[in-house]
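let me see the structure of the following:
(one chain, ligands or ions: 1)
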Amino acid sequence: MSQLLLKPNENEKTQGVKIIHEVTKENSPLKYVEFKIVDLAPGAKYSETLGKKECCIVALTGKINVTDKEQTFENIGTRESVFEKKPTDSVYVSNDRSFEVEGVGQARVALCYSPSEKQLPTKLIKASENGIENRGTNNNKRMVHNILPDSDPSANSLLVVEVYTETGNWSSYPPHKHDRDNLPEESFLEETYYHEMNPQQGFVFQRVYTDDRSLDETMTVQNGDVVLVPEGYHPVGVPEGYTSYYLNVMAGPTRIWKFYNDPDHEWILERK
Ligand SMILES: O=C[C@H](O)[C@@H](O)[C@H](O)CC(=O)O
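Okay, the predicted model is just below:
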């Protein structure tokens, strides 16, 4: 199995707190992005102290209370399933702060991390503040919720977005990459994908590949899997009958999302 494909692995940290995914600089090829999926039982609490990194706490499903010991945000979260296809609430917490997340009911939380030196204000990112984009044409259509885009100055290096791709469509397509620190042509952003499928037994194909094909992995990705994108193009194809969801975390030396399309496939953008 590809080293870039991570299957969910339940690790009960404390009673009612299960770590489903934990991607760190120590256990992955990534140097900027770190990521966790945490399941919280009602009343269960997960806490963490951040060093020189920032965190976007995404209420994926269910409701949570979040505090950074100075502010508390209660009952945040808008959906019981990501496939309700509505934006959710998130909380940004900066470097050198602590936070605690409590499950109000059963909840799944994504913790999205990247490097941060200059402490910024803790911020509730309300669902209603997510920019919604409908991208693409033909069978390349997808809906994007911009949770923490590069147009939002609330973070130092972190970018967070969620994407819905319907039956028989492709997203992160035409294949694009952002693996060179070469602005204005291209920015270098590592990326993680946290995938969900509806119905749950579904799968998508995701390819991660470089121009020289020194990296060229095509993965069958299932519900709850994480895909790491240290470099390269990273298109996703969704089979007939299924809806794909993924949460993207991106970070690199400069907080700009400037991607470069694979020249072999960029022509599809010219179609009417
Ligand atoms: O680089 C960003 C990720 O590949 C996705 O967020 C992608 O942009 C989603 C899409 O536009 O299809």
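
does the closest residue to Leu269 other than its chain neighbours sit in a helix, a strand or a coil?
The shortest distance from Leu269 to any residue other than its chain neighbours is 6.4 Å, reached at Pro174 (Cβ to Cβ, 6 or more residues apart in numbering). To be clear about C-beta, it is placed using only N, CA and C from the backbone, and glycine gets the same treatment. Pro174 falls in the coil class when you classify it by DSSP: H, G, I helix; E, B strand; the rest coil.

pLDDT at Pro174, what is it?
Pro174 is assigned 98 on the pLDDT scale.

sheet partners, orientation included, of the helix or strand where Met250 lies?
Assigned by DSSP states H and E, Met250 belongs to strand 243-251. In the sheet containing strand 243-251, the strands it pairs with under DSSP bridges are strand 159-165 (antiparallel), strand 190-198 (antiparallel).

C-terminal to the longest one, what's the next element?
Put plainly, it is strand 190-198. Along the chain past strand 190-198, the next helix or strand (assigned with DSSP H and E) turns out to be strand 203-209.

which secondary structure elements does that following strand contact?
In terms of contacts (3 or more Cβ pairs under 8 Å, 6 or more residues apart in numbering; DSSP states H and E), strand 203-209 is packed against strand 190-198, strand 216-222, strand 226-229, strand 236-237.

could you dump these to a markdown table with mean neighbour count?
Formatted as a markdown table, the helices and strands packed on strand 203-209 follow (neighbours: other Cβ atoms under 10 Å):
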| stretch | mean neighbour count |
| --- | --- |
| strand 190-198 | 24 |
| strand 216-222 | 16 |
| strand 226-229 | 23 |
| strand 236-237 | 21 |
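
out of these, which comes closest to Ala44?
In this view, these are compared for proximity to Ala44 by Cβ to Cβ, and strand 190-198 is the closest at 20.4 Å.

average pLDDT for the closest one?
Per-residue pLDDT values over strand 190-198 give a mean of 98.

try stretch 15-34
The predicted model gives stretch 15-34 an average pLDDT of 98.

partners of the closest residue to Ser28 other than its chain neighbours in the sheet?
Leaving aside its sequence neighbours, Ser28 sits nearest to Leu228 (Cβ to Cβ, 6+ apart; 5.7 Å). Taking DSSP bridges as the rule, Leu228 bridges to Thr192.
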